[in-house]
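**Student:** When you get a sec, could you give me coordinates for this:
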Amino acid sequence: MQPTTRSLRFWCAAVLALTFGIVAAAVPAGAAPKDSRFRIVDELGPDQVEELITVAIDGRTIGILHITKDDPVAELQVKVPAGRPARYELCGFLIVQTPEGTRRQHPINHTGTIENADGRVLKAFNQNNEIFYLQDGTPGEAAATTTIVGAGQCAQPVA
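**Tutor:** Numbers count the residues shown, from 1 in each chain. Next up is the predicted model:
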């Protein structure tokens with residue numbers, strides 16, 4: 001019994017559909033690594049007058065956080081490749097008002113790493129106006145991992 005042209009076309013279409021289905025199942029949708037997106041937020045502290053921080057991720061400047069008494073909150077949207085730690089560098093200065101009424105400038109020149117920050121809010125913090133770092137500030141969830149590495153290689157700005 002000879003197959004008809006119609007049945008040959010049917011079987012060819014069936015084989016093609018099956019082959020396409022197998023290939024599509026072997027390469028899952030979204031197989032390419034997605035980007036990790038998060039925010040960096042800086043807020044003026046009670047004794048602070050001004051703060052200016054240039055933020056770099058993996059050696060690339062992504063933006064500047066500049067806060068003053070008139071504009072006390074700044075934010076950056078960040079996108080980095082997912083699945084690996086990102087190295088950050090904070091460069092700039094902080095000006096505080098002393099109890100005596102004078103102003104003192106502190107350099108910002110620190111590096112660190114960020115992991116698992118997708119969808120998180122990282123806040124810029126400082127310790128005794130000497131060590132500056134990012135820390136997860138998203139309430140109520142498992143924190144992103146941030147590590148302070150040390151001093152950066154910033155040129156010291158002058159306010």
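
**Student:** Run through the strands of the protein in chain order.
**Tutor:** Secondary structure of the chain by DSSP state E: the strands cover 35-43, 48-57, 60-68, 73-81, 86-97, 103-115, 121-127, 131-136, 145-151.

**Student:** can I get these in a markdown table with mean neighbour count and mean pLDDT?
**Tutor:** Backbone N, C-alpha and C define where each C-beta goes, glycine included. Below are the strands of the chain laid out as a markdown table (neighbours: other C-beta atoms under 10 Å; pLDDT from 0 to 100):
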| stretch | mean neighbour count | mean pLDDT |
| --- | --- | --- |
| strand 35-43 | 19 | 95 |
| strand 48-57 | 20 | 96 |
| strand 60-68 | 15 | 96 |
| strand 73-81 | 15 | 95 |
| strand 86-97 | 20 | 95 |
| strand 103-115 | 18 | 94 |
| strand 121-127 | 18 | 92 |
| strand 131-136 | 19 | 91 |
| strand 145-151 | 13 | 81 |
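
**Student:** correct me, but residue 124 touches residue 90?
**Tutor:** Yes. Using C-beta atoms under 8 Å, residue 124 is in contact with residue 90, at 7.1 Å.

**Student:** Mind listing the shared neighbours of these two?
**Tutor:** Residues touching both residue 124 and residue 90 (C-beta atoms under 8 Å, 6 or more residues apart in numbering) are 53, 132-134.

**Student:** Would you tell me which one of those comes nearest to residue 79?
**Tutor:** residue 134 (15.6 Å; C-beta to C-beta).

**Student:** Just confirm the closest one contacts residue 114, I think it does.
**Tutor:** Yes. Using C-beta under 8 Å, residue 134 is in contact with residue 114, at 6.6 Å.

**Student:** Would you point out the most distant pair within the shared contacts of residue 124 and residue 90?
**Tutor:** Going by C-beta to C-beta, the pair spanning those furthest: 53 and 133, at 11.2 Å.

**Student:** shared neighbours, the two?
**Tutor:** Jointly contacting residue 53 and residue 133 under the rule C-beta under 8 Å, 6+ apart are 90, 124.
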